[in-house]
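Enquirer: Quick one: sequence plus predicted model below, questions after.
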Amino acid sequence: MTDLVQDIGGRAVLDQVVEDFYVRVQNDPLLTTIFAAADVDRLVAMQKEFMAAALDGSGEKSGTSLRTIHANRGITPRHFSRFVEHFVGALEDHDVPGPTILAVTQHLGLYVDDVVGGGGEAG
């Protein structure tokens, strides 16, 4: 598996992409309710760590599961898609090549079941 962090331009670029991404998220009426009570600085820091781990090719995940973190937040497939759209926009603004962006979006799609629908239902 390729190291998408390096393909993006390295950890510093990824961190800036995540910061720019959260500006977009905070200004999106569809997503603001999900993050309304959240500590955005903490979210940004956690997202930087998650993205670095998720995209570096190791496939290692540690800490609390994504399913647990997102449970009962009412996140729908539409929310997840918008989230990815904003991440793509931030990647484009940092001149990340199209094939890398496609690889990133495909990789993020691996996490959709852990993020979406966490309403406590069995699964």
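Expert: Structure's in. What do you need?
Enquirer: which residue sits closest to residue 13, ignoring its sequence neighbours?
Expert: residue 94 (5.8 Å; CB to CB, 6 or more residues apart in numbering). (Glycine included, C-beta is placed from N, CA and C.)
Enquirer: Count the neighbours of that neighbour for me.
Expert: Residue 94 has 14 neighbours, counted by other CB atoms under 10 Å.
Enquirer: For it, give me its contacts.
Expert: Applying CB atoms under 8 Å, 6 or more residues apart in numbering, we find residue 94 in contact with 8-9, 13, 16-17, 20.
Enquirer: likewise residue 22?
Expert: Contacts of residue 22 by CB under 8 Å, 6+ apart are 40, 43-44, 47.
Enquirer: What is the neighbour count of the nearest residue to residue 32 once chain neighbours are set aside?
Expert: Nearest residue to residue 32, sequence neighbours excluded (CB to CB, 6+ apart): residue 26, at 6.7 Å. Here the count is done by other CB under 10 Å, and residue 26 has 15 residues near it.
Enquirer: For stretch 89-102, measure first residue to last.
Expert: 12 Å (CA to CA, to the nearest Å).
Enquirer: Can you tell me the element residue 89 falls in?
Expert: Taking DSSP states H and E as the definition, residue 89 sits inside helix 77-93.
Enquirer: From the chain's centroid, how far away is that helix?
Expert: 8 Å (CA atoms, centre = their mean, to the nearest Å).
Enquirer: Can you give me the buried ones in that helix?
Expert: For helix 77-93, the neighbour count (16 or more other CB atoms under 10 Å) marks 79-80, 82-84, 86-88, 90-91 as buried.
Enquirer: same check, this time on stretch 95-108
Expert: Result for stretch 95-108 [16+ other CB under 10 Å]: buried residues 96, 100-101, 103-104, 107-108.
Enquirer: One more: stretch 29-36?
Expert: Going by 16+ other CB under 10 Å, stretch 29-36 has these buried residues: 31, 34.
Enquirer: before we move on, the earlier item: for the helix holding residue 89, which helices and strands make contact with it?
Expert: helix 11-26, helix 29-35, helix 98-108, helix 112-115 (3 or more CB pairs under 8 Å, 6 or more residues apart in numbering; DSSP states H and E).
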